[in-house]
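Enquirer: sequence and predicted structure below; questions after.
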Amino acid sequence: MGRRRAIIIFGPPGAGKGTQAERLLRDFALEHIATGDILREAVANDTPLGRQAKQYMDAGRLVPDEVIIPIVEERMRTVPGDRGFLFDGFPRTVAQADMLFDAARRVGAPVEKVIYLRTPAEVIVTRLASRRICRRCGAVYNLVTKPPKTDGVCDACGGEIYQRADDTEETVRNRLAVYEAQTADVMGFFRARGLVVDIDGGLPADESYPAIAASVGTGS
C-alpha cells in the first residue's frame, strides 16, 4: 500500500540513478516526476503555466524556477492520494529545493528522504567512458558490464553503437567537477534536514538496491 510522500534519488552522472529509479517505481507506489517531461506536457496541453513556460522556451531562455515548480506542483495534484513521488536528480539548487519542499508539503507529500548514490570518481569514469548507445533505438550498452553481442552492433535493432562525445574520460572528469561544484550547497541543504541516506553507488546495481529498497520501505 502506498502513501503520500516524496523521495529524491541523487548522485553524480554515472551513479546509476536511472537504473535504481526504475526499480523503485516497480517495487513501490511512486510516481516518477521528470521535470523535463512535465514541462513539455504542460506546453503541449496549453495550460496557463505551460503558456508561460513556452514564452521562455521560444525565446531560447531557461524556464525559471518560479514557473517550473508550480508546473511540478500542478502535476503532483493529479496523482491519486495513495501514491508518492520519486524525483530523479532534482532539485539541483537550494532555491529549487526550498520551493519544491514547500510545494510537496502543500500537496500533502512531504519530502521523506534523499537517497544519495555516493560513487567514487574512478568508478564513474570507467562506467561512462565504457558506455555505448545505439543511434537507431537508443539502447544503452557498457563495454565492461553489458557489451553488445556483436561489436558495434545493437542487439535489439542492428543499429550502429557509438560513444557519446560527453562520455570520453576527459569530458566525464570535467562533468564531475562541475556537478560537485553545482550541487554542494543543495546536498548541504538536504543533510541539514537529516534526510540523506548514503548508498554505495560504486557497487553493482543489484548489490546496492536492497539497501535502497529497505530505506524507502521503512519510511524513516
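Expert: Done, it's in.
Enquirer: all contacts plus neighbour counts: C-alpha atoms, from now on.
Expert: Will do.
Enquirer: quick one: contacts for residue 16?
Expert: 117, 201, 205 (C-alpha atoms under 8 Å, 6 or more residues apart in numbering).
Enquirer: give me the lowest-pLDDT entry from the residues you listed.
Expert: Checking pLDDT across the contacts of residue 16, the minimum falls on residue 205 at 91.
Enquirer: and that residue, how many neighbours?
Expert: By the criterion of other C-alpha atoms under 10 Å, residue 205 has 16 neighbours.
Enquirer: longest single helix anywhere in this structure?
Expert: Ranked by residue count and defined by DSSP state H, the top helix of the chain is helix 169-192.
Enquirer: can I get the contacts of residue 16 in JSON lines including secondary structure?
Expert: JSON lines is the format used below for those (DSSP: H, G, I helix; E, B strand; the rest coil):
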{"residue": "117", "secondary structure": "strand"}
{"residue": "201", "secondary structure": "coil"}
{"residue": "205", "secondary structure": "helix"}
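Enquirer: would you turn these into CSV with distance to residue 8?
Expert: Formatted as CSV, the contacts of residue 16 follow (distance: C-alpha to C-alpha, whole Å):
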residue, distance to residue 8
117, 11
201, 15
205, 17
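Enquirer: and of these, the nearest to residue 184?
Expert: If you rank the contacts of residue 16 by distance to residue 184 using C-alpha to C-alpha, residue 117 comes first, at 14.1 Å.
Enquirer: check the residue nearest the centre of the chain and give its pLDDT.
Expert: Nearest to the geometric centre of the chain sits residue 88, at 2.3 Å (C-alpha atoms, centre = their mean). Looking at residue 88, its pLDDT is 92.
Enquirer: which stretches of the protein have low pLDDT?
Expert: Flagging of the chain using pLDDT under 70 yields the residue ranges 1, 218-220.
Enquirer: show me where it has its strands.
Expert: For the chain, applying DSSP state E gives strands covering 6-10, 30-33, 84-88, 111-118, 131-134, 140-142, 161-162, 196-200.
Enquirer: how about those in a markdown table, adding distance to residue 213?
Expert: Formatted as a markdown table, the strands of the chain follow (distance: least, C-alpha to C-alpha, whole Å):
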| stretch | distance to residue 213 |
| --- | --- |
| strand 6-10 | 12 |
| strand 30-33 | 12 |
| strand 84-88 | 13 |
| strand 111-118 | 10 |
| strand 131-134 | 26 |
| strand 140-142 | 24 |
| strand 161-162 | 33 |
| strand 196-200 | 11 |
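Enquirer: which of these sits closest to residue 173?
Expert: Proximity to residue 173, assessed across these by C-alpha to C-alpha, is greatest for strand 131-134 (14.6 Å).
Enquirer: no more questions from me, cheers.
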